[in-house]
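In: Show me the folded form of this:
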Amino acid sequence: MKVGIDGVLLGSWAKVNNCRLVLDVGTGTGLIALMLAQQSSARIMAIDVEGNAVIQAQQNVQASPWAEQIKVRKISFQELINDDELKFDLLVSNPPFFQHSLKAGTKERTLARHTDSLPYSVLIEGASRLLSENGRCAFIFPKQAEKAIEHLAEKNNLFLQRKTWVQPKPNKAVNRVLFEFGRNKANVISETLVIYENDGTWTTAFKALTSRYYLKA
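Out: Coordinates of the predicted model:
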């Protein structure tokens, strides 16, 4: 699996300070889990339903300096939410979101890219069940899902705390939204992030967000 820009954005944007236990849902390569481990001492559970992804994530974790912090499990989110003993201070997910496009050519790509295995409603409801008393969840979604996600969060007593609209370039429309929801009401922080300048170079804002992870930022 390739490292995608969505994962880099979420891993850089999510706030992991003061977190003891973190859940990364649909970990893929383990990218986000590794990014969060790099900036915290939290224990991180990284889960995925696709076997090859779990193997790759385990290999990446073992090859990293944060192997003791991260546990990779092959388990569905639906199975995990039945465990009433688990409570997380932070839940992050770069979920499958190609709801209305053609199916990918392989089972692995289909699982990674479509909501069939993890509908938005299940993700948001499950997040509400798994969060600790002051827990937060952070997601990245396509722009067209923005209103639906906010409605689902409200329905499950999760309050919007931060939102960042993501534009690929200054002359391009917003195509992603980063969300942070929590159990407590807060003044919502909203902003827009542009990734590339029109000449294809990274913007100053994107470099500032991701500089700790890129060798050449």
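In: in stretch 39-48, what's buried?
Out: Ser40, Ala42, Arg43, Ile44, Met45, Ala46, Ile47, Asp48 (16 or more other C-beta atoms under 10 Å). All C-beta spots, glycine's among them, are computed from the backbone N, C-alpha and C.
In: can you tell me which of those residues lies nearest to Lys155?
Out: Ile47 (23.8 Å; C-beta to C-beta).
In: Return the backbone torsion pair for that closest one.
Out: Dihedral angles of Ile47 (phi, psi; degrees, to the nearest 10) stand at phi -120, psi 150.
In: From what I see, it and Thr27 are in contact.
Out: Yes - when contacts are counted by C-beta atoms under 8 Å, Ile47 is listed as touching Thr27 (6.2 Å).
In: and for those two, which residues touch both?
Out: By C-beta atoms under 8 Å, 6 or more residues apart in numbering, Ile47 and Thr27 have these common neighbours: Val72.
In: show me where this structure has helices.
Out: Listed in chain order, the helices of the chain (DSSP state H) span 5-13, 31-38, 51-62, 77-80, 107-113, 120-130, 146-155, 204-210.
In: Looking at strand pairing, list the partners for the residue nearest to the spatial centre of the chain.
Out: When C-alpha atoms, centre = their mean is applied to the chain, the residue found nearest the centroid is Ser93 (2.8 Å). Beta bridges link Ser93 to Val25, Phe139 when assigned by DSSP bridges.
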